[in-house]
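K.L.:
this one's sequence-less:
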């Protein structure tokens, strides 16, 4: 009952936060530069500019403009993407699938690898595996992903020539349908082993680049949580029951250490979302991040607003889920303030 | 190890010259420095002393539950003389130096030299332990039932399988399930349609055992309790669960490390009664570790007084409390309020416990002792027999000097 | 979002517990001062006992020296030393070429110059951002905590909204609408980072407000401002310092990322810009122009992370060896 109240309260706050974010995003676009900047050229007369402004409702008060934009967003109209020369809503899903494939691949690997490394290190505290994991963890948090990606490219693409760039080999994927937009999944659905292998092959380096930092975050949290749990009295009590050390570690310590580790999953998700921007630029991955970076440089506000709003809402929802799962797992948490 | 069985009571455990040190930045802490005592069948032995005198370390040594490192087992032995017979005990059998399960009479092992696998067979089965804070000794994220069933799964696999009507023909996966040795795909194997019913029968058998163990500790509604989480229970209730867990396999020895310190006084009395009752019914020997002298006086048959890593005096309840011989014990008695102490007669022992880092060869009570002589400064007294059951580690004949 | 800073809040709590023992003599001004000095000495001792922290401190020292002595290490470009010098006669030179220690880029930019002067750019960026956000965040957080009521409610909901947008994406959006320039990156980062300090500070104020000695001060009749300056502010220094140390590295990392994406002026002596410029050469095997400046970003962020972690551990003895 208490848990349900907590979920309800969080759910009630969510729309307000989304409105808040949308106001912030909208305000941003009105503060700097003209929102129609991308459509203007030097040959236009002031009258023509005025006409465009009127067409987009820029002569109206700001709050009316906001409401118009919000109305559009709610009905699925996210505006016009200048750099793609198409409505944002049309381009977005394609790019999103590419980004999600990359983020999910890195995220899943990071989750398992991070938990494994953290457990491995925490159970061997202050021995060699522990020190190595700590180096991985600290360096992962400080490593500029765009540089790490370039280093990998220098070695595996430029020098060894074994790693590809981009998302797929066009000749391999020419004959394959894209019902999901996720190339690995599409290849499986089409039953083409060659296409699947190609998709994985292209995914490898970007996923490593993106996943390294995420692994570091999770491994670090897992390690310190495990060390903390292993010092608890119930661990000795479990040993006193005659349980094997492996069982004590897995069933008692690791299980409980996973609970606080869940809290960093939201953080990791934000980290992955952010990371896709530079990783996609470097590997020429046709996803949201690269699209966003291109529109930012060109001043394409429709794309920018949609991207920020979308990632924020996603981030909010993931965090909500994480918090609820956490509260559900850790019965000791006081759900009040 | 020669054993004098002639006219002595049967011992369950014999601690001989146990030495446990801890390495720290500032030096080696002699936490337990050469202590010896016996634990007899069915008795309650009190281990009393101030905080840090080594009584908990002694208790944990029985089950190899010491943090090593920084702890170092320097020497000594704890010979355990197994009493009850159980189908599962020592099934690894005929290993050299390790007793065979068929031979009940001379099953004596040194608990300190057992391998990990061997000591785990003893932990929770032949020797069990209750810890100080029941709130912290239960895993907060597992239900009471799940935590109790672990003991049975670990030590009573055959019995469980029998109760489930499976016996020796149980499949490998089910057998592993009933002994907590799941392999990687067992989770699915056990849930296969053919196995599901046997699995639920095993679960039912375990649940029955757990419910039985819980009802022995007089908790109301044991079946319902199994689904609760530790934080939903009161402190006294949690300690009952811990006791049920510890006594689940009818241990020969129960190590109780200040089991009531974290509880209210009223709850304490009930928990003590419970331990005593179960102990008498099952002929369990209890090593009761406590700093509370009046409590020890109430429940213990024999008492060992520890000071700074040593036993300074050991004897029966009467001998220790009516006729204490060591100055420290006498000091403790004077600090103990009782019906016949007059007001204002309560005395604290002057001074503090000496540091146990690299202690010199002298009596450790020297600096606080009113009867100290030069001899005490240069020599460390050993335990000497006063009567057959009463030993004291002191050079002075205190009873005579104090004219008691 | 809500949990993001929980470790900081936990730290506050633990720290308070540790300090309470010391602080019994708090109202005797002289001893309180001495206690602080002694505690600081012990802190330095614990910091230096940790080898990774010492490594971090050494790297930071070298970086600072490089930033300060940049004009003496390599001759400043005229008129603007923060602009990369271009030598179109010496493009694509490998490292070790006389005059170009670390080689040149496709556009004839001297990588060594960029690496050295980039440390100045980064130092400026981190000092401006961390300095301004610390002040703004501290003021806003203190106001929220002290005034409470609707002020608190409003400010904290604002903080919640700000924390709903991933850090880098938010900074990217702000920098994008302000237009590509290094100054705008500084502004954008400041607008994003301040919320952290506001949260820490508010939690700190609420925490300290409940402490007994503040109650005692109230009973004595101290003014609110006095209580704030004497009790609350000095106690908040600890968590804010840890956060600021971590941010010194973090901010350069995000700033360089924004520059790499193309949000600062092309051709300035900044590590992220240089990595981006060097990217064009890697296909033809010219690895140096991206590698060296990128390594500087890494070392910078690493050093501050190491010291920040060390500082946190040293301030909280319980986390030792974690």
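P.N.:
Sure thing, it's come through. Not measured: the values here are computed from a predicted model.
K.L.:
in chain B, which residue sits nearest chain C?
P.N.:
residue B:25 (11.0 Å; CB to the nearest CB). (Glycine included, C-beta is placed from N, CA and C.)
K.L.:
any weak-confidence spans in the stretch 201-350 of chain B?
P.N.:
By pLDDT under 70, the weakly predicted segments of the stretch 201-350 of chain B are B:337-350.
K.L.:
please, where are all the helices along it?
P.N.:
With DSSP state H, counting those that start in this stretch, the ranges of helices along the stretch 201-350 of chain B come out as B:222-225, B:235-247, B:265-282, B:293-299, B:317-322, B:327-334.
K.L.:
how many other residues sit next to the residue in chain C that chain B sits nearest to?
P.N.:
Per CB to the nearest CB, the residue of chain C with the smallest distance to chain B is residue C:49, at 11.0 Å. Residue crowding around residue C:49 was assessed by other CB atoms under 10 Å in any protein chain shown; the count is 12.
K.L.:
for it, report the pLDDT, please.
P.N.:
At residue C:49, the model reports a pLDDT of 79.
K.L.:
likewise for residue C:320?
P.N.:
43.
K.L.:
same thing with residue A:36?
P.N.:
64.
K.L.:
try the one 4 residues further on
P.N.:
At residue A:40, the model reports a pLDDT of 65.
K.L.:
can I get the helices of the stretch 201-350 of chain B in CSV with mean neighbour count and distance to chain C?
P.N.:
Putting the helices of the stretch 201-350 of chain B into CSV (neighbours: other CB atoms under 10 Å in any protein chain shown; distance: least, CB to the nearest CB, whole Å) gives the following:
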stretch, mean neighbour count, distance to chain C
helix B:222-225, 18, 33
helix B:235-247, 24, 23
helix B:265-282, 16, 28
helix B:293-299, 18, 30
helix B:317-322, 18, 38
helix B:327-334, 21, 30
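K.L.:
columns distance to residue A:233 on top of those, output as CSV?
P.N.:
What follows is the helices of the stretch 201-350 of chain B, written out as CSV (distance: least, CB to CB, whole Å):
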stretch, distance to residue A:233
helix B:222-225, 21
helix B:235-247, 11
helix B:265-282, 18
helix B:293-299, 21
helix B:317-322, 30
helix B:327-334, 28
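K.L.:
out of these, the one nearest chain A is which?
P.N.:
Here helix B:235-247 is closest among the helices of the stretch 201-350 of chain B (CB to the nearest CB), at 6.9 Å.
K.L.:
can you tell me what sits against the closest one?
P.N.:
A:237, A:241, B:124, B:128-131, B:134-135, B:137-138, B:144, B:147-148, B:151, B:213-214, B:216-219, B:225, B:230, B:233, B:254, B:259-260, B:262-264, B:267, B:270-271, B:274-275, B:278, B:282, B:284 (CB atoms under 8 Å, 6 or more residues apart in numbering or on different chains).
K.L.:
now those residues: which count as buried?
P.N.:
Using 16 or more other CB atoms under 10 Å in any protein chain shown as the burial test, the contacts of helix B:235-247 include A:237, A:241, B:124, B:128-131, B:134-135, B:137-138, B:144, B:147-148, B:151, B:213-214, B:216-217, B:219, B:225, B:230, B:233, B:254, B:259-260, B:262-263, B:267, B:270-271, B:274-275, B:278, B:284 as buried.
K.L.:
what sits closest to the closest residue to chain C within the stretch 51-200 of chain A if chain neighbours are left out?
P.N.:
Residue of the stretch 51-200 of chain A nearest chain C, by CB to the nearest CB: residue A:147 (3.1 Å). Leaving aside its sequence neighbours, residue A:147 sits nearest to residue C:294 (CB to CB, 6 or more residues apart in numbering or on different chains; 3.1 Å).
K.L.:
also residue C:279?
P.N.:
Residue C:279 sits nearest to residue C:290 (CB to CB, 6+ apart), 5.7 Å away.
K.L.:
tell me the contacts of the one you found?
P.N.:
Counted by CB under 8 Å, 6+ apart, residue C:290 has contacts A:147, A:150, A:154, C:274-275, C:278-279, C:281-282.
K.L.:
change it to 7 Å
P.N.:
The neighbourhood of residue C:290, defined by CB atoms under 7 Å, 6 or more residues apart in numbering or on different chains, consists of A:147, A:150, C:275, C:278-279, C:282.
K.L.:
now swap in residue C:36 and tell me
P.N.:
By CB under 7 Å, 6+ apart, no residues touch residue C:36.
K.L.:
A strand includes it, no?
P.N.:
No - with DSSP: H, G, I helix; E, B strand; the rest coil as the criterion, residue C:36 is helix rather than part of a strand.
K.L.:
starting from residue A:213, give me the distance back to it.
P.N.:
According to CB to CB, to the nearest Å, residue C:36 stands 38 Å off from residue A:213.
K.L.:
by pLDDT, rank the contacts of residue C:290 and give me the bottom one.
P.N.:
residue C:282 (82).
K.L.:
buried residues in stretch B:301-320?
P.N.:
B:301-317, B:319-320.
K.L.:
swap in stretch A:117-136?
P.N.:
Applying 16+ other CB under 10 Å to stretch A:117-136 flags A:117-123, A:130, A:133-134, A:136 as buried.
K.L.:
so who does the most centrally placed residue in chain C touch?
P.N.:
Nearest to the geometric centre of chain C sits residue C:248, at 1.9 Å (CA atoms, centre = their mean). The contact partners of residue C:248, by CB under 7 Å, 6+ apart, come to C:126, C:130, C:304.
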